[in-house]
Every structure is written in structure tokens, then in C-alpha cells.
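*Asks:* fold the following for me, if possible:
(one chain, ligands or ions: 1)
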Amino acid sequence: MALVEVKVPDIGDFDEVAVIELLVKPGDTVTAEQSLITVESDKASMEIPSSTAGVVRELRVTLGDKVKEGSVVLVLEAAGAAEAPAAAASEPKQPLPSVDGSKSATESIPVVAAVTAVAAGPVEVHVPDIGDFKDVTVIEVFVKPGDAIKVEQSLITVESDKASMEIPSSHAGVLKELKVKVGDKVNIGDLLAILDGAASQPSPQPSPASGRGSESTSAPMIAPASGRVNESPAARAATPAPAAAGAGRGEGGLAAPHNPTAAPVGLPHASPSVRKFARELGVPLEELKGSGPKGRITESDVQAFTKAVMAGATQTRAQAAKAPAAPSGDSGAGLGLIPWPKVDFTKFGPVERKEMSRIKKISGANLLRNAIMIPAVTNHDDCDITDLEAFRVSTNKENEKSGIKVTMLAFLIKACVAALKKYPEFNSSLDGDALIYKQYFHIGFAADTPNGLMVPVIKDADKKGIFQISQEMGELAKKARDGKLSPAEMSGACFTISSLGGIGGRYFTPIINAPEVAILGVCKSTMEPIWDGKAFQPRLMLPLSLTWDHRVIDGAAAARFNVYLGQILGDFRRVLL
Ligand code: CAO
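*Replies:* This is a model prediction of the structure:
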């Protein structure tokens, strides 16, 4: 039996990233390159693919775990060696030797064996009386086959449009089969799981959920969530990212508008990374209104709340308690902002609702943070690329056979490297009150892909020639469009160029890709009459839009950067001066 440990590959600069999604479960058949889990850092989330095809025997990570390069994600029976997956999943587990000789898989085996030894036959666990809630969606699964389950232990979280609630197990035993998965709709009485019952005993009379959905008199009859609901805000703030199994979430669903005088209502609905982000900023998550799907709190909600508190537009409960005379901040909108307009578009005509791609959601959150947190200014300028374009065209003609097409963007990358060398603050990043000056020149370029915007990075652009940069750019842009860029290929940029030159437009205001401090936007070059002191001459003019972080860069420096960039693009020999 060829059992293989699948490990986290090289994920570039990302160290200790949190597992936010499990995409497979024991018994699943996976193909090589199939995504297994999603991990998330403070910059991005990414899916970790399988290095091998086979059948998943054991997951070694749970939601909220921190992983890094080399961490074991799961053990799988390599393709060809797998028996029927269903049979394999129901067999008692054997210690699994790993390819690198470790035997950490044995850790879970005594638990399984001990419990199955007193098994009293299969027991079905059904959805209990959940009050008025019908067709609720499973949004979280806390357990997996093989887990030892206690009576009252939460198995899944379901969510309606009003509330989310955990569904507890009515019996103890070892989870043999889970009958639901994330996204399924369930109702009272639906079969959730089959346990190998250990001294099976029905759960006591269920009690109302602590979720906001339990406010109605027809409260859902489910077991109480864990004691976290009664924890102090400080204790909650110290709670680590939730693990998959048994971590009581208390409640979820739509968060109320921020009211600092209102009583705490329990743990809010947010991903581990957002919880971590909130802890780092000292933001009381339970006081936030979530703007994500079904009221989930997003990173931007945390930022907007922080901004509103800093601007004095709202207060935390702790602040309100210290200054009771202060306004409550309860404008009905929360966060000091007017609420996002809620429009029933069907009133005006037919519509179709489509979820945004994962890339769009991730880049959207990052763009919002960068737009809100960076005092950004954009300078627009034009530069004369008549001679450079003629050189580019003739170079491409001469090298037609090489198959490498030299692009204007490659020259822009080289020109930016020269400008970054001359104005090093553009090649820096803020670190508290200090600036980190980078002595390397990695240039990101925005690539338009069917799934959204991606930013591959040309590493050490200062050490590469125009041909090499053009070739790498072509390869990276293709990988981006095919969704095959690795995290390493998207990390480490010092400065980004966003070129819309192949499409059109005149100027735009690109958003800085934090923690970089500037970005260059480029639009389509056009022939224009330029006055040379005696007459108008037809010159090919390239519009440049440089956005810069005013905390780091002054307006004069930005203007000088643009002028210098224009001079180089006008005559590349200046790079040698
Ligand atoms: N002015 C005039 N023409 C230009 C030009 C410019 N500034 N830049 C490129 N062109 C021309 C090219 O010469 C090419 O013409 P030919 O096919 O006749 O040779 C054509 O436009 C297409 O170029 P391209 O876009 O394929 O190549 P590129 O190197 O300029 O760009 C890439 C590559 C990956 C950056 C681009 O394909 C892309 O994805 N751009 C969009 C980036 C984006 O979305 N930015 C917005 C981010 S903010 O939301």
C-alpha cells in the first residue's frame, strides 16, 4: 500500500499561513494538482494542490491550523494502490508510515480503536428541531470520519438568512459517515451522520441557540453553543483562530448595526485570518457589522471600523463605557458610514446574480484596504517614446525568428528600475515609523485574466535584459491567464506597473499594491503634435500615471521620478549616465 504524505510546497514569502478551507475529506479520490486546502496570509489566500493522485486516507490539518512549507496536509493512498475508497474509509485505521519515515499518523489511532472497542452499533444523528428554519445551508463542518464525538458536540453550522447555529450530536461515538457537506440544505429530521455508537445515549432536551436567530419566541431547539458566549470581550479577543472540531461559535448570522452600548451577543461570523487581524488591531469583532455574504465580517469591515474609531465617528463599547455621555454612534448604519444601498434591482428589470471569483474577492479586499489606508496621490505625465517605439519595432523585425516579442512593458520595467535606483524611497516599504529600503529590484505587472486581476513579478529585473524580461513576462502572463501562477511568482514585488496600453484610455489612478509605496499606470500611446520651439512635430506620446504614498514620498520627488522616467524612455542612453 503506497501511502504518501502530501506537504505544503514552496509558498514563497508566506510563512505560517492559516488553513481557512478544507477542500477534501478522507475517502475522497483526488487527482494530481487538485486543490486540497485553502490557506490565507494577511496578503492573499491560495489553494494548496496535491502533488500526487490517490485516495485521501487522513487529513493532518484542521481549519485554523498554521502551516508552512513542508507541513503535512494529508496522507493519501497513491493512485494504483488504492482499494475501493468507501471500504478504505470505513476500515479501522492502521498506523500510516510516511514517505519521510515519520509516523505522526499513529497519533489518532488509539482514540479510534479505544472507542470502537465499546461500540454499540451504528447510530443515526438527525437534524433536531430547529424551529422555523427550513432549508438552512450547511456553512461549516467541524468533524470528519474517524473523529470521536461526544454527546452535544457540535457537528456542523447551518445558516439561514436570519441566523447561524451549530447542530450538536445527539449521541456519542466514532463518526463513521458524514451525510452532509458544506453547501447542502438541511431540514428537521435530515440524516446528518452515522456514528459507531459508544454507550449511545440521547442528548438531553435541546435548548435554544445563543445565536441572534434565537431571539424569536419560536426559538430553534438546538443545544446551547459553547460557553464562549458568556466570555468577556477580552477573553474572546484572546481566543485563537477556531479549530475545526468542537470550537463553539456561539452565534453568527447578520450582525446588528454597531451600537457600543448594546450587550455583547457572542462570537461573530468571521474567518480565522480576519479574527487574527482584528486581534492585532484590538478591534472587538463582536461589535462589528459584517458586510460579507450572510453578514460575515471581512477584513475591510475591520479596517473601516478602525478608521471610524480613529476619526471619532464611532466608539468601541469600552470607549463608550469610559465616556457614557458620548454619542452612541447608532446611526442605523454602523461604522460611521451611511449604509450600502440595498436595492431590489428586479423592480427595474430582469437580473442575474453571479458570485464573484475568488481572485476578485481577495483582490477586492486588498484594494479596499490599500485605497483606505494609503494617502495616495497620482501624478499624470506624458513622455515621448517615438524613438523607443521605432527601436522596439525594428528589434522585433530583426529577431522575428527568435519567437520572442519585445514589448513596451519590458522597456518600462527597465526604465522603472533605473528610476527606482535614482529615487530609492520609491523602492521602500513602511515598517512602523521606519522605512525598509530594498536593494533588489523585483517588478510586478498587472495582468488581466478571465478570473480577475493578478500581479506576477519579474524578479531581479535589474540583472535581466529586455529579451529575457519580455520572454518571462509572456510566460508569466500566460500562467496568470491559465490560473497556474504559483504564490512565489506573485510575491516580493518592490514596485508595480499596470499597463492598459494594449487596450486604450488616457490616464487612470492605479491603487498602490501595499506594502509597496508606488505604482505606475500606463495607457495607450498616441501620435501628437509636440512643439519643438520652432514647429509642431508628430511625436508618439505615452501617458503615465504614477500613484505614490504621501507618507513616504513628497510631491516634488514624485514629479522628479516621472520626469526622469520620461527622459529615460525618451532616450535609453541616459541609463548609462
Ligand atoms: N501604447 C500603445 N500600444 C501598446 C501599448 C501602449 N502603451 N502597450 C502595448 N501596446 C500594444 C502592443 O504593442 C501590442 O500591439 P501588437 O499586437 O500590434 O504588437 C498590443 O498593444 C497588445 O499588447 P499586450 O497587452 O498583449 O502586451 P503588453 O506587454 O503591453 O501587456 C499584459 C501584457 C499582461 C500587461 C497585458 O496583456 C494586460 O493584461 N494588461 C492589462 C493590465 C490591467 O488590467 N491593468 C489594470 C489594473 S488596475 O485595475
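*Asks:* is it true that Val125 touches Ala172?
*Replies:* No - counting by Cβ atoms under 8 Å, Val125 sits too far from Ala172 to count as a contact (10.4 Å). For the C-beta atoms, the positions are set from N, CA and C on the backbone; glycine is no exception.
*Asks:* now the common contact residues for the two.
*Replies:* Counting by Cβ atoms under 8 Å, 6 or more residues apart in numbering, the common neighbours of Val125 and Ala172 are Leu195.
*Asks:* just give me the neighbour total for the residue in the chain that the ligand sits nearest to.
*Replies:* Proximity of the chain to the ligand (Cβ to the nearest ligand atom) peaks at Gly501, 2.1 Å away. Counted by other Cβ atoms under 10 Å, the residues lying close to Gly501 total 18.
*Asks:* okay, now the unreliable bits of the stretch 251-400 of the chain?
*Replies:* By pLDDT under 70, the low-scoring segments of the stretch 251-400 of the chain are 251-268, 271-273, 276, 293-294, 311-313, 319-335.
*Asks:* please, where are all the strands along it?
*Replies:* Using DSSP state E, counting those that start in this stretch, the strands of the stretch 251-400 of the chain run over 376-384.
*Asks:* tell me the helices in it, going along the chain?
*Replies:* For the stretch 251-400 of the chain, the helices defined by DSSP state H, counting those that start in this stretch cover 272-281, 299-310, 317-322, 358-373, 386-398.
*Asks:* does the longest one reach the ligand?
*Replies:* No - legend: contact between helix 358-373 and the ligand by Cβ under 6 Å from any ligand atom is lacking; minimum distance shown is 8.2 Å.
*Asks:* check which helices and strands that helix is in contact with.
*Replies:* helix 299-310, strand 452-454 (3 or more Cβ pairs under 8 Å, 6 or more residues apart in numbering; DSSP states H and E).
*Asks:* mind listing what's buried along that helix?
*Replies:* Neighbour-count burial for helix 358-373, with 16 or more other Cβ atoms under 10 Å as criterion, is recorded at 359, 361-363, 365-370.
*Asks:* next, the angle helix 272-281 makes with that helix.
*Replies:* Orientation check (axes from the mean of the first three to the mean of the last three Cα atoms, to 10 degrees): helix 358-373 against helix 272-281 gives 10 degrees.
*Asks:* residues contacting helix 358-373, please?
*Replies:* Here helix 358-373 makes contact (Cβ under 8 Å, 6+ apart) with 43-45, 298-300, 303-304, 307, 356, 376, 449, 451-454, 511-514.
*Asks:* then the last one?
*Replies:* The contact list for helix 386-398 (Cβ under 8 Å, 6+ apart) reads 405-408, 411, 466, 525, 539-540, 569-572.
*Asks:* neighbour-wise, which of those residues leads?
*Replies:* Ranked by neighbours (other Cβ under 10 Å), these are led by Leu569, which has 25 neighbours.
*Asks:* secondary structure element holding Leu546?
*Replies:* Assessed by DSSP states H and E, Leu546 sits inside strand 536-549.
*Asks:* only alpha carbons, please: show the next helix or strand after that strand as PDB.
*Replies:* Using DSSP H and E, the helix or strand that follows strand 536-549 in sequence is helix 555-570. This file holds the C-alpha atoms of helix 555-570, laid out as PDB (Å, rounded to 0.1, in the frame of the first residue of the first chain):
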ATOM      1  CA  GLY A 555       5.100  65.600  -4.400                       C
ATOM      2  CA  ALA A 556       8.400  67.000  -5.700                       C
ATOM      3  CA  ALA A 557      10.000  63.600  -5.600                       C
ATOM      4  CA  ALA A 558       7.100  62.100  -7.500                       C
ATOM      5  CA  ALA A 559       7.300  64.800 -10.200                       C
ATOM      6  CA  ARG A 560      11.100  64.200 -10.400                       C
ATOM      7  CA  PHE A 561      10.600  60.400 -10.700                       C
ATOM      8  CA  ASN A 562       8.100  60.900 -13.600                       C
ATOM      9  CA  VAL A 563      10.400  63.400 -15.400                       C
ATOM     10  CA  TYR A 564      13.400  61.000 -15.100                       C
ATOM     11  CA  LEU A 565      11.300  58.100 -16.200                       C
ATOM     12  CA  GLY A 566      10.200  60.100 -19.300                       C
ATOM     13  CA  GLN A 567      13.800  61.100 -20.000                       C
ATOM     14  CA  ILE A 568      14.900  57.500 -20.000                       C
ATOM     15  CA  LEU A 569      12.000  56.300 -22.100                       C
ATOM     16  CA  GLY A 570      12.800  59.300 -24.500                       C
END
